[in-house]
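A.B. asks: sequence below, structure please.
(2 chains)
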Amino acid sequence: MIALESVTCRYEGRNRGDENGVDGGGTVAVDDVTLSVSDGEFLVVAGANGSGKTTLVRTFNGLVTPDAGTVSVNGVPVSEDLVAARTAVGMVFQEPRDQLVSATVGGDVAFGPENLGLSHGEIDRRVAVALDAVNMTDREDDRIDSLSGGERERVAIAGALAMEPDHLVCDEPFTWLDEPARESVLARLRELHAKGTGVVVVTHDLRGVLELADRVVGLADGRIVVAGPPHAAAPDLAGLGVRVPEAFDSAGGAGRPTDS
Amino acid sequence: MTLAYVPGDSLAHRLDPRTKLLVQIGFAAAAYAHTTPRELAALTLLAGGCLWAADGDLADLWTYRVAFPVLLLAPLVAGATIESPWFRLDRAAETALASYRVLLLLVVAAAYVRSTPIRDSRAALQRTVPGRAGAFLGAGVALVFRFLPLLRRDLLAAREAVCARGGGQLPARERMRLIAIAGTNRAFGRADRLGTALAARCFAWNPTLPRLSFGPADYLALALGAGLFAVAATAAL
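C.D. replies: Sure thing, here's the model as predicted:
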């Protein structure tokens, strides 16, 4: 479980304060957020650009350290055991190129398990399982440079999965994808969730993903302003500058559609 | 074309990275000990053989084109004088041979880079250099090889962005300034994002390293490397 208690994150920026030290808190990206993510839960974090979504989820595994509040993963404060947090919470960045650090698919997926100091047999097993989970079996020797955007996204997901995380956090996973690639990534996320992996998707485009969610959290100006099951939260999400699918867009929601 | 590993099953791909490092170092020693045109011609054949063994070709050399102007200009600068005779051929020829030696080293380096995964290089260094120094060196080399292709791609993107809005018509100096500024900005941003990616994936100074082992071909290549050292030593004696 991921638990955030009164988390606030600030960035230095325009609001640096005057020479008397008045109002020098910088720009508040996340403002007093309390949130918990259960094991196996599919959570969608929705919000417009600059609403604090990315900063919020980056506190989950210590990539961003809160200025106030606490974040714990499986009961252990993230600040006390970063490796445990980063193993339990796999992160897929918005731009896969930022995440892929090796020349080949297999090398990149193995990068995380190697850093954990696992045995060669275990690394090989994890790489095979992770690539299978994203339908890229037998692509270990493919060059990263030769992959399409959707394939890169799937390799990034495989790299996170190879750490065998309890939660997989995908930050705007559909930004660079066309519709077939988007569908492919959604299918992979659906399968992972069905197998018990917790999934957190950060997005401003809820098409296809709202149907998979157990819960939606809407952010505005760093605060949680909407929270609840998709069918209940959807009517309020439209006001946040996010794209809500038509099936959920009518007042009062349309109920939870069946997956197809 | 890129400064990066290219998957394959060539002879060089099958060699242990430690063997390839030894051959490279031996080649460099021989190239600096034997500087006559005839000796360099022999080393040219060997360098070409290294590139061929890595399934590479002359196009790989294009990766290093940034060094070519320096290598070409060096003999001209060395030969130029400020009084009569205005150009000394002997000095220019000597520097031209030195430039050519550097070119040969780049050929051998290209063969190594295209046939050796980053993590194999890291493993070779950490197993050859003991202790923290090896870990530091191995991680450093791995980071450089991870970062350089990204940086190069960012510089190309900056150049395309400049050209896409008519920047191609600007004087070369102005284009260089624009690309340098954009490239520097992107490099810092890229370094930051790479650091975040490594942190997210639990970057470790002492990870599980790939298995390395010497095969039959390695012993031949090791003999070649040792032979190159011997050749270099004979010139020094």
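A.B. asks: helices of the stretch 51-200 of chain A, residue ranges please.
C.D. replies: Assigned by DSSP state H, counting those that start in this stretch, the helices in the stretch 51-200 of chain A fall at A:53-58, A:82-88, A:96-99, A:105-115, A:120-133, A:149-161, A:179-194.
A.B. asks: ranking those by mean pLDDT, which is last?
C.D. replies: With a mean of 80, helix A:96-99 has the lowest mean pLDDT of the helices of the stretch 51-200 of chain A.
A.B. asks: how far out from the middle of the chain is that one?
C.D. replies: From the chain centre to the centre of helix A:96-99 is a distance of 14 Å (C-alpha atoms, centre = their mean, to the nearest Å).
A.B. asks: quick one: list the elements packing against that helix.
C.D. replies: When contacts are defined as 3 or more C-beta pairs under 8 Å, 6 or more residues apart in numbering or on different chains; DSSP states H and E, helix A:96-99 packs onto helix A:149-161, helix B:172-200. Every residue, glycine included, has its C-beta placed from N, CA and C.
A.B. asks: low-confidence bits of the chain, can you list those?
C.D. replies: Went with chain A since none was named. For chain A, the stretches with pLDDT under 70 are A:13-25, A:249-260.
A.B. asks: oops, wrong one, chain B.
C.D. replies: In chain B (pLDDT under 70), the answer is B:1-3.
A.B. asks: can you show me the helices along chain B?
C.D. replies: In chain B, the helices defined using DSSP state H lie at B:11-14, B:17-33, B:37-53, B:58-61, B:68-79, B:89-115, B:118-128, B:131-164, B:172-200, B:216-236.
A.B. asks: can you redo these as a markdown table with distance to chain A?
C.D. replies: Converted to a markdown table, those look like this (distance: least, C-beta to the nearest C-beta, whole Å):
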| stretch | distance to chain A |
| --- | --- |
| helix B:11-14 | 11 |
| helix B:17-33 | 14 |
| helix B:37-53 | 18 |
| helix B:58-61 | 15 |
| helix B:68-79 | 24 |
| helix B:89-115 | 10 |
| helix B:118-128 | 6 |
| helix B:131-164 | 5 |
| helix B:172-200 | 4 |
| helix B:216-236 | 20 |
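A.B. asks: near chain B, which residues of chain A?
C.D. replies: A:61-63, A:83, A:86-87, A:91, A:93, A:95, A:97-104, A:107, A:110-120, A:123, A:141-143, A:145, A:159, A:163 (C-beta under 8 Å from any C-beta of the partner chain).
A.B. asks: from these, which would you call buried?
C.D. replies: A:61-63, A:86-87, A:91, A:93, A:95, A:97-104, A:107, A:110-116, A:118, A:123, A:142, A:159, A:163 (16 or more other C-beta atoms under 10 Å in any protein chain shown).
A.B. asks: rewinding a little: to A:Asp39, which of the helices of chain B lies closest?
C.D. replies: Nearest to A:Asp39, of all the helices of chain B, is helix B:172-200, at 20.1 Å by C-beta to C-beta.
A.B. asks: how far out from the middle of the chain is the closest one?
C.D. replies: Averaging C-alpha positions (C-alpha atoms, centre = their mean) puts helix B:172-200 21 Å from its chain's average.
A.B. asks: same check, this time on stretch A:110-129
C.D. replies: Distance, stretch centre to chain centre, for stretch A:110-129: 22 Å (C-alpha atoms, centre = their mean).
A.B. asks: for it, how far is the first residue from the last?
C.D. replies: Length of stretch A:110-129, first residue to last, C-alpha to C-alpha, to the nearest Å: 11 Å.
A.B. asks: not counting sequence-adjacent ones, nearest residue to A:Gly198?
C.D. replies: Counting by C-beta to C-beta, 6 or more residues apart in numbering or on different chains, A:Gly198 lies nearest to A:His167, which is 3.9 Å off, once chain neighbours are set aside.
A.B. asks: what about A:Gly218, which helix or strand?
C.D. replies: Element membership for A:Gly218 (DSSP states H and E) is strand A:215-220.
A.B. asks: and that strand, what does it pack against?
C.D. replies: Counting contacts by 3+ C-beta pairs under 8 Å, 6+ apart, strand A:215-220 packs against strand A:42-47, strand A:223-228, helix A:230-237.
A.B. asks: show me what the longest one is packed up against.
C.D. replies: Same thing as helix A:230-237. Judged by 3+ C-beta pairs under 8 Å, 6+ apart, helix A:230-237 is in contact with strand A:215-220, strand A:223-228, helix A:246-249.
A.B. asks: give the buried residues for the last one.
C.D. replies: So that's helix A:246-249. Buried, per 16+ other C-beta under 10 Å, within helix A:246-249: A:Ala247, A:Phe248.
A.B. asks: how far away from the center of its chain is that helix?
C.D. replies: Helix A:246-249 sits 23 Å away from the centroid of its parent chain (C-alpha atoms, centre = their mean).
A.B. asks: if we look at it, which residues are touching it?
C.D. replies: Contact partners of helix A:246-249, identified using C-beta atoms under 8 Å, 6 or more residues apart in numbering or on different chains, comprise A:Leu206, A:Leu210, A:Glu211, A:Pro230, A:His231, A:Ala234, A:Pro235, A:Leu237, A:Ala238, A:Ala254, A:Pro257.
A.B. asks: okay, that helix in PDB with CA atoms only?
C.D. replies: Extracted in PDB, the C-alpha atoms of helix A:246-249 (Å, rounded to 0.1, in the frame of the first residue of the first chain):
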ATOM      1  CA  GLU A 246     -18.700  10.200 -23.700                       C
ATOM      2  CA  ALA A 247     -20.000   7.200 -21.800                       C
ATOM      3  CA  PHE A 248     -19.100   8.900 -18.600                       C
ATOM      4  CA  ASP A 249     -19.700  12.500 -19.600                       C
END
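A.B. asks: could you export stretch B:195-208 as PDB, CA atoms only?
C.D. replies: Written as PDB, here are the backbone C-alpha positions of stretch B:195-208 (Å, rounded to 0.1, in the frame of the first residue of the first chain):
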ATOM      1  CA  GLY B 195      19.700  10.800 -13.400                       C
ATOM      2  CA  THR B 196      16.000  10.500 -12.400                       C
ATOM      3  CA  ALA B 197      15.600   7.500 -14.600                       C
ATOM      4  CA  LEU B 198      18.600   5.800 -13.100                       C
ATOM      5  CA  ALA B 199      17.400   6.600  -9.600                       C
ATOM      6  CA  ALA B 200      13.900   5.200 -10.400                       C
ATOM      7  CA  ARG B 201      15.500   2.000 -11.500                       C
ATOM      8  CA  CYS B 202      17.700   1.700  -8.400                       C
ATOM      9  CA  PHE B 203      21.000   2.500 -10.100                       C
ATOM     10  CA  ALA B 204      23.700   0.600  -8.100                       C
ATOM     11  CA  TRP B 205      27.500   1.000  -8.100                       C
ATOM     12  CA  ASN B 206      27.900  -2.700  -7.800                       C
ATOM     13  CA  PRO B 207      25.100  -4.400  -9.800                       C
ATOM     14  CA  THR B 208      24.900  -8.000 -11.000                       C
END
